[in-house]
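S.K.: Sequence plus predicted model, see below.
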Amino acid sequence: MNSTSRKVQWTVWGGLALIILTIGVIFLSTQIKARTSPLPVLGRVTDFHLTNQLGGVVTLDTLRGKVWVADIIFTRCPGPCREMTRRMKELHAALPTSERLKLITLTTDPEFDTPTVLKSYGEQFGAPSDRWWFLTGAKDEIARLAIDGLKLTALEKTPEARTNANDLFIHSTYFIVVDQSGRLRTVIEAMNPGAQKEAVQAIVGLLGEKNP
């Protein structure tokens with residue numbers, strides 16, 4: 001290979017290396033920006049009045065100053081509910097210990113899911129009752145938080161649409177992350193493989209925000 005060919009080859013490889021380096025820098029800066037940019041405000045949770053598995057009253061003021069992640073299930077669910085709760089348990093284990101952090105699981109089935117039933121269900125998953133609350137109450141109060149506030153779906157099936165006696169509801173499989181001021185900040189599909197990482201990143205970021 002003569003010197004001219006070598007120069008051409010080095011020029012080509014040098015150009016490719018520069019392109020790869022530039023793409024890498026752009027990608028890295030995009031990722032850093034994505035991690036450091038504040039999450040948008042998607043809505044605001046209005047006041048509610050519900051009861052946790054210990055019989056304690058939980059309102060919006062109870063959660064003021066805390067970052068919380070919520071989902072919705074019902075304990076006799078034959079579908080994705082137990083998997084949702086298992087994933088919430090894994091998320092709990094991955095999160096930092098903080099008094100300013102709560103996990104909230106709502107029921108779509110308050111007539112069956114009493115505090116006692118929810119307490120037993122939570123204990124099956126090792127849910128710490130000081131940090132992870134399972135909420136029940138009047139249907140209109142649950143709807144106010146779940147549907148109006150958190151933008152979750154919860155629909156009761158007609159008898160004709162049920163595949164078995166416990167196939168009672170269609171509901172969302174999302175994790176909803178709420179900030180210290182009761183503002184909805186991100187919605188995460190809990191069944192996605194990257195849900196835990198996305199939720200941890202969002203929650204840790206919100207814990208670092210100053211409470212406006």
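M.R.: Yep, that arrived.

S.K.: When you work out contacts or count neighbours from here on, use the C-alpha atoms and nothing else.
M.R.: Noted.

S.K.: Show me where this structure dips below the pLDDT cut-off.
M.R.: 1-37, 153-171, 211-212 (pLDDT under 70).

S.K.: repeat that with 90
M.R.: 1-39, 74, 76-81, 108-109, 139-174, 190-193, 208-212 (pLDDT under 90).

S.K.: now the spatially most central residue of it: how far from Ser120?
M.R.: The chain has Phe175 as the residue nearest its centroid, 2.5 Å off, counting by CA atoms, centre = their mean. The gap separating Phe175 from Ser120 is 22 Å, by CA to CA, to the nearest Å.

S.K.: Also Trp133?
M.R.: From Trp133 to Ser120 the distance is 12 Å (CA to CA).

S.K.: and the two? which has more neighbours close in?
M.R.: For Trp133 versus Ser120, the count of surrounding residues by other CA atoms under 10 Å is larger for Trp133: 24 against 15.

S.K.: hang on, the earlier thing: what residues does the residue nearest to the centre of the chain make contact with?
M.R.: Applying CA atoms under 8 Å, 6 or more residues apart in numbering, we find Phe175 in contact with 69-71, 187-190, 199.

S.K.: Where does it sit: helix, strand or coil?
M.R.: At Phe175, secondary structure determined by DSSP: H, G, I helix; E, B strand; the rest coil is strand.

S.K.: Excluding covalently adjacent residues, which one is nearest to Thr85?
M.R.: Counting by CA to CA, 6 or more residues apart in numbering, Thr85 lies nearest to Phe125, which is 7.6 Å off, once chain neighbours are set aside.

S.K.: thinking the one you found is in contact with Met88, fair?
M.R.: No. Phe125 lies out of contact with Met88 (CA atoms under 8 Å); the separation is 9.6 Å.

S.K.: These two: who's more crowded?
M.R.: Neighbour count, other CA under 10 Å: between Phe125 and Met88, Met88 has more, with 24 against 13.

S.K.: Over to the more buried one: give its phi and psi.
M.R.: Per-residue torsions, Met88: phi -70, psi -40 (degrees, to the nearest 10).

S.K.: could you check the distance from it over to Glu111?
M.R.: 23 Å.

S.K.: cool, and Glu189?
M.R.: 27 Å.

S.K.: Between those two, tell me which one has more neighbours.
M.R.: Glu189 (16 against 11).

S.K.: Identify the residue nearest the more buried one in space, chain neighbours excluded?
M.R.: Closest to Glu189 by CA to CA, 6+ apart is Tyr174, at 4.5 Å.

S.K.: In this structure that neighbour contacts Thr186, no?
M.R.: No. Using CA under 8 Å, Tyr174 makes no contact with Thr186, being 10.0 Å away.
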